[in-house]
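Asker: how does the following fold in three dimensions:
(one chain, ligands or ions: 1)
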Amino acid sequence: MTDRRPILNADPDDLRDWIVARGYPAYRAKQVLRWVAERRAVSFEMMNDVPKRLREELDAEWTAFATTIDHHDTSPDGTDKLLLACPDGRRVECVLMAEDDRRTVCISTQVGCGMGCVFCASGMKGVVRNLTKGELLEQVLRLRNLLPVEERLTNLVVMGMGESLANLDNLIPALDWLCSPDGLGMGQRRITISTVGLPEKIIKLAEMDRQYNLAVSLHAPTEELRNELVPINEKVGLTAVIEAADAYFRRSGRQVTFEYVMLSGVNDRREDALALADLLRARKAHVNLIPYNPVEGLPFGRPSPDAVRRFVDTVRAGGVSVSVRKTKGRPIDAACGQLRRRLEGSGAGHESGPGSTIEA
Ligand code: SAH
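Answerer: Model prediction:
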């Protein structure tokens, strides 16, 4: 047990002020954070050009990392999945995917999820809490630390457990730090935030004037079907979601992606593809189809490759840009809430775990 403060959760000024108050020069704070960001330190002890006494003082009141690695699974296709334990015992999943010269991490934003999408494992037990800025950053750094030293993270997707925009206040400072020269120096355009589609939060994000990509989980082309699959839609409405996405595009200039989980026989019919094309044709939008990763206990199936191909052809013929997401990490349950669920006992024994996803 510890009530020490995680350095990645503090405002950079807090650590500096604390260090200065103890009589050390301000640059020591930067040095400590560089050790974590650049030199992959996970403890103060490792920071061997920081005075030993300062390291000991830090260690009494701060932690370099507050999370611990509870599980590390590796899949032969180059996917690593970590289950991190937070100081309160809650666990979060995050994934590293390697493909060609891309190194992509996928992080979670909440413990559980409050959106209740009927096909998703993450929301089955509701939302417990938002992850802190430090917990968001620790997922990224723990995964980055798995890479060979000469490799850097190239992309980040906020597509793990939780509703990203419900935790905007911690998410944006975390992403901004990752994109700053003090952090990992990542490009904002290499980061994608996936949301169930909360119009007010999308507008708020647009007004922050960042260059993060927005991916909206649409999953259905009509109000009726979306109400069934994405219950929060009853409150917000498909039209408002699309309008907010349009506003995001206008303000940021970033093309919006609409994600569409394909559920066999439910939303993968020809009429759905036609309606989807009608809805998006006039927009500079992109559709990313995600063949469903079955979740044990839920009555949904993955469409056949043929059904996926037909859907792609129909949407494309309808004048809309579309791609299919590749599944990665199947053997290690590398998707939203799957590993945590298996380990916590509610989904034990299912053989075909879902995979994390990477753009095809
Ligand atoms: N709350 C955010 C992030 C969630 S996860 C959102 O809704 O976008 C990212 C994507 O994975 C979402 O589109 C989500 O609907 C989808 N997803 C959830 N469970 C899935 C499953 N079993 N198979 C395939 N995609 C799934």
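Asker: for the stretch 101-250 of the chain, what lies in contact range of the ligand?
Answerer: Within the stretch 101-250 of the chain, the positions adjacent to the ligand are 115, 117, 119-120, 159, 163-164, 194-196, 217 by CB under 6 Å from any ligand atom. (C-beta placed from N, C-alpha, C; glycine too.)
Asker: mean confidence for stretch 36-44?
Answerer: Stretch 36-44 carries an average pLDDT of 98.
Asker: for it, buried residues please.
Answerer: The neighbour-count check on stretch 36-44 (16 or more other CB atoms under 10 Å) flags 36-37, 41-42, 44 as buried.
Asker: of the residues you listed, closest to Tyr248?
Answerer: Nearest to Tyr248 among those: Ala37, at 29.0 Å, using CB to CB.
Asker: hang on, His71 in a strand?
Answerer: Yes: the assignment for His71 by DSSP: H, G, I helix; E, B strand; the rest coil puts it in a strand.
Asker: what's the neighbour count on Ala26?
Answerer: 13 (other CB atoms under 10 Å).
Asker: who's in contact with it?
Answerer: By CB atoms under 8 Å, 6 or more residues apart in numbering, the residues touching Ala26 are 16, 19-20.
Asker: how about 6 Å then?
Answerer: 16, 20 (CB atoms under 6 Å, 6 or more residues apart in numbering).
Asker: narrow the buried residues of stretch 36-44 to those in helices?
Answerer: 36-37 (DSSP state H).
Asker: would you turn the buried residues of stretch 36-44 into CSV with distance to the ligand?
Answerer: Shown next, in CSV, are the buried residues of stretch 36-44 (distance: CB to the nearest ligand atom, whole Å):
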residue, distance to the ligand
Val36, 27
Ala37, 26
Ala41, 31
Val42, 27
Phe44, 34
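Asker: farthest pair within the buried residues of stretch 36-44?
Answerer: Ala37 and Phe44, at 14.4 Å, using CB to CB across the buried residues of stretch 36-44.
Asker: show me what the residue nearest to the spatial centre of the chain is bridged to.
Answerer: Centroid-nearest residue in the chain, with CA atoms, centre = their mean: Val158, separated by 2.0 Å. For Val158, the beta-bridge partners are Ile193 (DSSP bridges).
Asker: pick the one among the buried residues of stretch 36-44 closest to Arg189.
Answerer: Among these, Ala37 lies closest to Arg189 (CB to CB), at 20.1 Å.
Asker: list the residues that contact the closest one.
Answerer: Contacts of Ala37 (CB under 6 Å, 6+ apart): Gly183.
Asker: sorry, back to before: among the residues of the stretch 101-250 of the chain next to the ligand, which are located in strands?
Answerer: If you go by DSSP state E, those have 194-195, 217 in strands.
Asker: now render the residues of the stretch 101-250 of the chain next to the ligand as JSON lines, adding neighbour count.
Answerer: Formatted as JSON lines, those follow (neighbours: other CB atoms under 10 Å):
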{"residue": "Met115", "neighbour count": "23"}
{"residue": "Cys117", "neighbour count": "20"}
{"residue": "Phe119", "neighbour count": "19"}
{"residue": "Cys120", "neighbour count": "27"}
{"residue": "Met159", "neighbour count": "25"}
{"residue": "Glu163", "neighbour count": "26"}
{"residue": "Ser164", "neighbour count": "26"}
{"residue": "Ser194", "neighbour count": "22"}
{"residue": "Thr195", "neighbour count": "26"}
{"residue": "Val196", "neighbour count": "27"}
{"residue": "Ser217", "neighbour count": "25"}
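Asker: now the helices: where do they sit in the chain?
Answerer: 12-21, 27-37, 52-61, 133-144, 168-179, 199-207, 223-229, 233-236, 238-252, 270-280, 305-317, 338-343.
Asker: which residues sit against the shortest one?
Answerer: To tie it back to what came earlier, the one meant is helix 233-236. Here helix 233-236 makes contact (CB under 6 Å, 6+ apart) with 199, 226-227.
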